[in-house]
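A.B. asks: fold the stuff below for me.
(one chain, ligands or ions: 1)
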Amino acid sequence: MTARPFGYSGGELVCDGVPLAALAAQFGTPLYVYSANQIAERAQMFQREFADRGHLVCYAVKANSAIGILKLLAKQGCGFDIVSGGELERVIRAAGKKKAEVCGRVVFSGVGKQPAEIDLALREGILQFNVESEEELDLLAERAAKLKIKARFALRVNPDVFAETHPYISTGLSEHKFGINIKLARKVYARAKGNKWLEASGVSVHIGSQIRSVEPFESALARVIALIKQLRKDGHHIRYADAGGGLGIDYGVGNFEPAKQVAKYAEALKRALGPLDITLLLEPGRFIVAQAGALVSEVLFTKKNGAKTFVIADAAMNDLIRPALYHAHHEIVPVKQTKAKGKKVDVVGPVCESGDFFARDRELAPVKRGDLIALLDAGAYGMSLASNYNTRTRPAEVLIENGKSRLIRRRETMKDLFAPELG
Ligand SMILES: Cc1ncc(COP(=O)(O)O)c(C=O)c1O
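C.D. replies: Numbers count the residues shown, from 1 in each chain. Next up, the predicted model:
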């Protein structure tokens, strides 16, 4: 488990030396546990590899939007990629007194930005709006004129590049809803040039998520760079090439070496950039937080139905939806180390859906009622996608910092859940 901060020590699963069983006893289950060290290290991998180029790592808030984690990344010098006004509010809370500085490192992506969200981002002076349609650009111009604040924008272009990943998280083909056809982009930039409230500052691209090979990133960025050269000739002062996020991790048990993967990714992007003098924006999410996190859960029951054995955990699809949504694989391990031979089981949650499973026909060490299990690599798109389905309260989140645990989000209560209901 080298790419993960979770491993066995003295027969117990620990995160950076802190036993998960003790955390479960203190904070209850289901519980998200994250390693601050690994999150910082992963952010630094990008910063190191791109140190010889003007760059800014804008962590994709959607991957894990816990304010405790945003604070940690802001301290690492990261900027942020947001997709809603709500995510900007989170960044502002994380930034504290450094609000102006941190907001100056924010890019705003997303296909459906609304006037109030645009206004907030304009007022906070974000670095750049990544605009995804002509109508959105018109709205941005209108809001900027109204507030008398110039809007820096990039068009998010759709490069029509295929990337091998799950169809739900592939975004760079012309059939997807994302971006503006790259062939039409020049015209749109030309049209914006006449508007004094708009300033074309960049070109952006994002081709999808959990992409393991680096070639598609290189192809997409090469197309962006060609467009930037053209736009500069057209008289636009383009300073930023935004390569998006999407670099994938290994959810299996392979010999994944994250530092080497980032080095390969950096080489590929630098090849696409060539000698061009430009600041590269990067929007990694998953790669920074996925392997830093695990979801700890207690076994409620085990039972047999026909030939199948089910392990019913107290965590469910509402806490971690990736297996149900994408058939995603998460390694599942017992918190107490055992040498006992594994048995094939389905690991499921209590939610009333057959889709509420974490693993099917998976070899798992024998577990019984009351035992703890951990779902690994759950730091990205875990808690940020959690819901209250079946009127379940969302888990607590704990951050391990230098061998100490800190509750960064308490478990929700029924009172929290019922607060907005008017009966
Ligand atoms: C525009 C944009 N940037 C960055 C990301 C982050 O992707 P990942 O977590 O795969 O790095 C996403 C995720 O879908 C995205 O839509």
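
A.B. asks: all helices for the stretch 251-400 of the chain, in order.
C.D. replies: 258-273, 286-289, 322-326 (DSSP state H, counting those that start in this stretch).

A.B. asks: for those helices, which one ends up most surrounded?
C.D. replies: When you average the neighbours per residue for each of these (mean count of other Cβ atoms under 10 Å), helix 286-289 leads with a mean of 29. Backbone N, C-alpha and C define where each C-beta goes, glycine included.

A.B. asks: and that one, what does it pack against?
C.D. replies: In terms of contacts (3 or more Cβ pairs under 8 Å, 6 or more residues apart in numbering; DSSP states H and E), helix 286-289 is packed against helix 36-49, helix 258-273.

A.B. asks: adding mean pLDDT and distance to residue 332, write those out as a markdown table.
C.D. replies: Listed next are the helices and strands packed on helix 286-289 as a markdown table, based on pLDDT from 0 to 100; distance: least, Cβ to Cβ, whole Å:
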| stretch | mean pLDDT | distance to residue 332 |
| --- | --- | --- |
| helix 36-49 | 98 | 19 |
| helix 258-273 | 98 | 21 |
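
A.B. asks: would CSV of the helices of the stretch 251-400 of the chain with distance to residue 71 be doable?
C.D. replies: Output for the helices of the stretch 251-400 of the chain, formatted as CSV (distance: least, Cβ to Cβ, whole Å):
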stretch, distance to residue 71
helix 258-273, 22
helix 286-289, 13
helix 322-326, 25
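
A.B. asks: dump these into TSV; add distance to the ligand as well.
C.D. replies: Formatted as TSV, the helices of the stretch 251-400 of the chain follow (distance: least, Cβ to the nearest ligand atom, whole Å):
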stretch	distance to the ligand
helix 258-273	11
helix 286-289	3
helix 322-326	12
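
A.B. asks: count the residues that sit near the closest residue to the ligand within the stretch 51-200 of the chain.
C.D. replies: Proximity of the stretch 51-200 of the chain to the ligand (Cβ to the nearest ligand atom) peaks at residue 60, 3.4 Å away. Neighbourhood size, residue 60 [other Cβ atoms under 10 Å]: 29.

A.B. asks: the residue nearest to it when sequence neighbours are not counted: neighbouring residues, count only.
C.D. replies: In space, and not counting its chain neighbours, residue 60 is closest to residue 285: 3.1 Å by Cβ to Cβ, 6 or more residues apart in numbering. Neighbourhood size, residue 285 [other Cβ under 10 Å]: 23.

A.B. asks: same question, residue 41
C.D. replies: 16.

A.B. asks: next, the contact list for the residue of the stretch 51-200 of the chain closest to the ligand, please.
C.D. replies: 80-81, 245, 283-286 (Cβ atoms under 8 Å, 6 or more residues apart in numbering).

A.B. asks: same deal with residue 227?
C.D. replies: So residue 227 contacts 157, 182, 185-186, 203 (Cβ under 8 Å, 6+ apart).

A.B. asks: try 10 Å this time
C.D. replies: 155, 157, 159, 182-183, 185-186, 189, 203, 205, 238, 241 (Cβ atoms under 10 Å, 6 or more residues apart in numbering).

A.B. asks: could I get the residues you listed as TSV with secondary structure, distance to the ligand and neighbour count?
C.D. replies: Conversion of these to TSV gives the following (DSSP: H, G, I helix; E, B strand; the rest coil; distance: Cβ to the nearest ligand atom, whole Å; neighbours: other Cβ atoms under 10 Å):
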residue	secondary structure	distance to the ligand	neighbour count
155	strand	13	30
157	strand	12	27
159	coil	13	22
182	helix	16	21
183	helix	20	12
185	helix	16	20
186	helix	22	15
189	helix	19	24
203	strand	13	29
205	coil	9	29
238	coil	19	21
241	strand	14	26
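
A.B. asks: among the residues you listed, show me the least confident.
C.D. replies: Comparing pLDDT over these, residue 159 scores lowest. The value there is 89.

A.B. asks: buried stuff in the longest helix seen in the chain?
C.D. replies: Ranked by residue count, the top helix of the chain under DSSP state H comes out as helix 215-233. Of the residues in helix 215-233, 216-225, 227-228, 231 count as buried by neighbour count, 16 or more other Cβ atoms under 10 Å.

A.B. asks: can I get the residues you listed in CSV with pLDDT and distance to the ligand?
C.D. replies: Shown next, in CSV, are these (pLDDT from 0 to 100; distance: Cβ to the nearest ligand atom, whole Å):
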residue, pLDDT, distance to the ligand
216, 95, 12
217, 97, 11
218, 97, 16
219, 95, 17
220, 96, 12
221, 97, 14
222, 97, 19
223, 96, 16
224, 97, 13
225, 98, 18
227, 98, 17
228, 98, 18
231, 98, 20
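
A.B. asks: report the two of those residues separated the most.
C.D. replies: 216 and 231 (22.6 Å; Cβ to Cβ).

A.B. asks: sorry, back to before: reformat the buried residues of helix 215-233 as CSV; add distance to residue 125.
C.D. replies: Below are the buried residues of helix 215-233 laid out as CSV (distance: Cβ to Cβ, whole Å):
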residue, distance to residue 125
216, 33
217, 29
218, 32
219, 33
220, 28
221, 27
222, 31
223, 30
224, 25
225, 27
227, 26
228, 24
231, 24
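
A.B. asks: hey, what's the residue lying closest to residue 358 once chain neighbours are set aside bridged with?
C.D. replies: For residue 358, ignoring the flanking residues on the chain, the nearest one in space by Cβ to Cβ, 6+ apart is residue 347 at 4.4 Å. Beta-bridge pairing of residue 347 under DSSP bridges involves residue 311, residue 359.

A.B. asks: residue 347 reaches residue 373, doesn't it?
C.D. replies: Yes - at 7.3 Å, residue 347 counts as touching residue 373 under the criterion of Cβ atoms under 10 Å.

A.B. asks: the more surrounded of the two?
C.D. replies: residue 373 (27 against 23).

A.B. asks: residue with max distance from the center of the protein?
C.D. replies: residue 306 (39.1 Å; Cα atoms, centre = their mean).

A.B. asks: what does the stretch 51-200 of the chain have sitting close to the ligand?
C.D. replies: Taking Cβ under 6 Å from any ligand atom, the part of the stretch 51-200 of the chain that reaches the ligand is made up of 60, 62-63, 81, 109.

A.B. asks: what's the answer for the stretch 301-423 of the chain, then?
C.D. replies: Residues of the stretch 301-423 of the chain lying near the ligand (Cβ under 6 Å from any ligand atom): residue 380.

A.B. asks: what number of residues lie near the one residue in the stretch 301-423 of the chain that gets nearest to the ligand?
C.D. replies: Scanning the stretch 301-423 of the chain for proximity to the ligand using Cβ to the nearest ligand atom identifies residue 380 as nearest, at 6.0 Å. Counted by other Cβ under 10 Å, the residues lying close to residue 380 total 26.

A.B. asks: good, we can wrap up now.
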